[in-house]
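Student: model this:
(4 chains)
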There are 2 protein chains.
Amino acid sequence: MTAHGTPFLPEIWYFMPKKSKSTIYDVAKKAGVSRQTVSRVLNNRQDVSAETRLRIQNIIEEIGYRPNAIAQSLGRQRSNVLGVVTAGLKYIGPSRTLSGITAKAEELGNGLLIKELASFNANNVKPILQWFQSHQVDGIIWAAPEIENNRDWIDSILPEINIPIIFISMEKNKSVSIVTIDNFSGAKTATEHLLSLGLNNIGHLSGPLDWWEARQRKLGWEAALTEANIDLSSHMCVEGNWSSRSGKSAFVELSDKYPEMEGLFVSNDQMALGAMSAALEKGIKIPDDLAIIGFDGIAESEFYCPALSTMNQNQNELGCIAVDVLIGEIEKKLLADEVFSPKYIEIKPELIIRRSSQILKRR
Amino acid sequence: MTAHGTPFLPEIWYFMPKKSKSTIYDVAKKAGVSRQTVSRVLNNRQDVSAETRLRIQNIIEEIGYRPNAIAQSLGRQRSNVLGVVTAGLKYIGPSRTLSGITAKAEELGNGLLIKELASFNANNVKPILQWFQSHQVDGIIWAAPEIENNRDWIDSILPEINIPIIFISMEKNKSVSIVTIDNFSGAKTATEHLLSLGLNNIGHLSGPLDWWEARQRKLGWEAALTEANIDLSSHMCVEGNWSSRSGKSAFVELSDKYPEMEGLFVSNDQMALGAMSAALEKGIKIPDDLAIIGFDGIAESEFYCPALSTMNQNQNELGCIAVDVLIGEIEKKLLADEVFSPKYIEIKPELIIRRSSQILKRR
DNA sequence: TTGAAAGCGCTAACAA
DNA sequence: TTGTTAGCGCTTTCAA
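Tutor: Here you go, the predicted model:
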């Protein structure tokens, strides 16, 4: 890495002594009215005469005045800013959710303060919430995953924070609102798809089982098999950590201890990629020897070899809905005329069938 | 300007919004000191007696007081919040950069207000800058790509905004600081790697050429061939749009019009995946018939079939550096004792050789 | 339709 | 070491 600062003459504007930005007072003075009248124009109030309004608007335009949002927040006791807690942005899932959040927040005129957890399983929750609180966010979106018991703080810390909050991808809970993918039914659908091919020996490559989402998907796989009267056994499942690398090694392990396996449900697409890489090396042909289906529906999975069947989940929409619901709850809280009842919203993932699970019916 | 402020401690709260959060008043009152003394404790000033400090700290702890950051920003005229403009979070590159930004900002005690452009090539730049300005961000990180002439606003709009700003991935410019991957030399290195295999017919599958990054990579490819005394011709290059799908169709086109191609430099890993998918379908063996190298170094590329050679770029670090440099410039601006000289920092991507370009030397 | 006054919660400059 | 005064820039009463 090379750094070469370039000693050009500085562009004058850059370090110009703060041309003291104009305030509402400057506008008022120039218009010969009080600040309150300007404020009324800014807030589109109706109790301003048309001509006064026009005059003020022209002056605002002329001197390039912009209200100070910080001062507005302080005065209004409302910031129109939401706090977002995310984790693992270097993976594609969390980013897609964040993308939905940014789009919807923009649409509804809200800013976003963002914090990314240093690790998925961070336990320093309180400082984050307090930081958001001190920054007067109107609401919080918790878009980091539920792992082990890292939701224990909900009932202990949340009450004293007293800010509307919504969680993404979390187990149903009676005291907070949640938006989530229906991992259980998605996994069940995926497994049923493999069963529908006439296969009986269907393994599972799960995500890390301290993750709620991974457990739900495993439960979905189990439910499908149970409904089909297939006995479950521990040798039919191996645990990965979401990465392609772990998928590869887990597959090696699984195919060793479950050699009769004809179908495999993998808990995400990345691990499925690793699994297919291992299968190739072991001479296991997909889909002929083994039908595979993943979970997530990342864009690239269509171009794996072979193209990967998967359960497509719309994480973008997850983010959109979270913002929508949260802002609704913020409004309700302000009106305080309605009793708060937490929502639980589930989005069903969609089955995408590709080459990796296209085989002739057996049996 | 009129003087205001609250000269007296309020005796009675006639109007008490539900859970009135405690303010610096409450602490001062309870401690029997002035607000100023509390403020001194909050800001770790030295001019407070040890016992007063302790007493105040205890009270703060006891009533769970947290300073209002919004009010602090207003008073200090400094928010300790940076604005971030990003685009395409649903792709992995921008997210990795953002992840670096969040980590470094956290480390340095800065908050982050984030805006995602609705499209890569958004032209509504001014409202975004003004929004940041009105929210009193201390600096701005522009992490959206340079496309066509979408940087024209730098000299027109930036001067009136007057906030330190740093750009990620942009052509060198004399008036602003920039942190970027060295796309040119990365592409040159990739192409030279293919040349070193003894191949002479090396094609290029480029990104969209209205992107600066895509053009730089194409130039790097051209430079390597020129240095090797290989003539360039338009039939040796086809343009994609970064997606795997475009990579697939572009490859079909390229292999038709450049059948003697023995090596291929693809401008990102996703398109390389698509290209390999197409190659498989056309019966072109990789690496034996065609050696391929990508660009990006996404985690999955190691598990493609075959494993993809690539130029690894550390986008996370890009974000870290951007924050570091920006905060440095903010400090300098406050001191105003140093002349501003824009920095241009380049990070070299790193060659990763995998199966897709491992062939016996020819010639 | 307008303006004066009193905040929002905190910091900074200056005294004491 | 502490308190006083005057803001930061805007909004919200309330009265005119």
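Student: C-terminal to the helix or strand hosting A:Gln36, what's the next element?
Tutor: Element membership for A:Gln36 (DSSP states H and E) is helix A:35-42. Going down the chain from helix A:35-42, the next helix or strand is helix A:50-63, by DSSP H and E.
Student: can you list contacts of that next one?
Tutor: Residues outside helix A:50-63 that contact it (Cβ atoms under 8 Å, 6 or more residues apart in numbering or on different chains): A:Ser22, A:Asp26, A:Val27, A:Lys30, A:Ala31, A:Val33, A:Thr37, A:Val38, A:Val41, A:Val48, A:Tyr65. C-betas here are computed from N, CA, C, even on glycine.
Student: what about that helix and DNA strand D, touching?
Tutor: No: Helix A:50-63 is not in contact with DNA strand D by Cβ under 7 Å from any atom of the strand; minimum separation 10.2 Å.
Student: Next one: that helix, is it in contact with DNA strand C?
Tutor: Yes: residues of helix A:50-63 contacting DNA strand C under Cβ under 7 Å from any atom of the strand: A:Thr52, A:Arg53.
Student: now that helix, how far from the centre of its chain.
Tutor: Here helix A:50-63 is found 42 Å from its chain centre; the criterion is Cα atoms, centre = their mean, to the nearest Å.
Student: Next: stretch A:120-134.
Tutor: Put simply, stretch A:120-134 sits 17 Å off its chain's centre (Cα atoms, centre = their mean).
Student: in that stretch, what counts as buried?
Tutor: A:Phe120, A:Asn121, A:Ala122, A:Val125, A:Ile128, A:Leu129, A:Trp131, A:Phe132, A:Gln133, A:Ser134 (16 or more other Cβ atoms under 10 Å in any protein chain shown).
Student: Mind putting the residues you listed into a markdown table with distance to A:Arg76, secondary structure and pLDDT?
Tutor: Shown next, in a markdown table, are the buried residues of stretch A:120-134 (distance: Cβ to Cβ, whole Å; DSSP: H, G, I helix; E, B strand; the rest coil; pLDDT from 0 to 100):
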| residue | distance to A:Arg76 | secondary structure | pLDDT |
| --- | --- | --- | --- |
| A:Phe120 | 36 | coil | 93 |
| A:Asn121 | 37 | coil | 86 |
| A:Ala122 | 32 | coil | 85 |
| A:Val125 | 28 | helix | 93 |
| A:Ile128 | 24 | helix | 95 |
| A:Leu129 | 22 | helix | 95 |
| A:Trp131 | 21 | helix | 95 |
| A:Phe132 | 18 | helix | 96 |
| A:Gln133 | 17 | helix | 94 |
| A:Ser134 | 17 | helix | 94 |
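Student: wait, which of those is closest to B:Ser99?
Tutor: A:Phe120 (12.7 Å; Cβ to Cβ).
Student: tally of neighbours for the closest residue to that closest one other than its chain neighbours?
Tutor: The shortest distance from A:Phe120 to any non-neighbouring residue, by Cβ to Cβ, 6 or more residues apart in numbering or on different chains, is to A:Ala87 (5.0 Å). A:Ala87 is flanked by 22 other residues according to other Cβ atoms under 10 Å in any protein chain shown.
Student: Same check on A:Glu346?
Tutor: For A:Glu346, the tally of surrounding residues (other Cβ under 10 Å) stands at 14.
Student: pretty sure it belongs to a strand, no?
Tutor: Yes: the assignment for A:Glu346 by DSSP: H, G, I helix; E, B strand; the rest coil puts it in a strand.
Student: Let me know whether it touches A:Asp182 as I believe.
Tutor: Yes: contact criterion Cβ atoms under 8 Å: A:Glu346 and A:Asp182 qualify, at 4.3 Å.
Student: Spit out the contact partners of the closest residue to A:Gln315 other than its chain neighbours.
Tutor: Distances taken as Cβ to Cβ, 6+ apart place A:Arg96 nearest to A:Gln315, at 4.0 Å, with adjacent residues excluded. With contacts defined as Cβ under 8 Å, 6+ apart, A:Arg96 is in contact with A:Gln315, A:Asn316, A:Gly319, B:Leu89, B:Lys90.
Student: Going by secondary structure, A:Arg96 is in what exactly?
Tutor: According to DSSP H and E, A:Arg96 maps onto helix A:92-107.
Student: Need the contacts of helix A:50-63 in JSON lines (columns: pLDDT).
Tutor: Shown next, in JSON lines, are these (pLDDT from 0 to 100):
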{"residue": "A:Ser22", "pLDDT": "87"}
{"residue": "A:Asp26", "pLDDT": "89"}
{"residue": "A:Val27", "pLDDT": "91"}
{"residue": "A:Lys30", "pLDDT": "88"}
{"residue": "A:Ala31", "pLDDT": "90"}
{"residue": "A:Val33", "pLDDT": "89"}
{"residue": "A:Thr37", "pLDDT": "91"}
{"residue": "A:Val38", "pLDDT": "92"}
{"residue": "A:Val41", "pLDDT": "92"}
{"residue": "A:Val48", "pLDDT": "85"}
{"residue": "A:Tyr65", "pLDDT": "91"}
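Student: ok, of those residues, which come out buried?
Tutor: Of the contacts of helix A:50-63, these count as buried by 16+ other Cβ under 10 Å: A:Ser22, A:Asp26, A:Val27, A:Lys30, A:Ala31, A:Val33, A:Thr37, A:Val38, A:Val41, A:Val48, A:Tyr65.
Student: Let's have the residues you listed in a markdown table, adding distance to DNA strand D.
Tutor: Formatted as a markdown table, the buried ones among the contacts of helix A:50-63 follow (distance: Cβ to the nearest atom of the strand, whole Å):
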| residue | distance to DNA strand D |
| --- | --- |
| A:Ser22 | 8 |
| A:Asp26 | 8 |
| A:Val27 | 8 |
| A:Lys30 | 13 |
| A:Ala31 | 13 |
| A:Val33 | 12 |
| A:Thr37 | 9 |
| A:Val38 | 7 |
| A:Val41 | 9 |
| A:Val48 | 12 |
| A:Tyr65 | 7 |
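Student: give me the subset of those touching DNA strand C.
Tutor: Applying Cβ under 7 Å from any atom of the strand to the buried ones among the contacts of helix A:50-63, one finds that A:Val33, A:Thr37, A:Val48 fall near DNA strand C.
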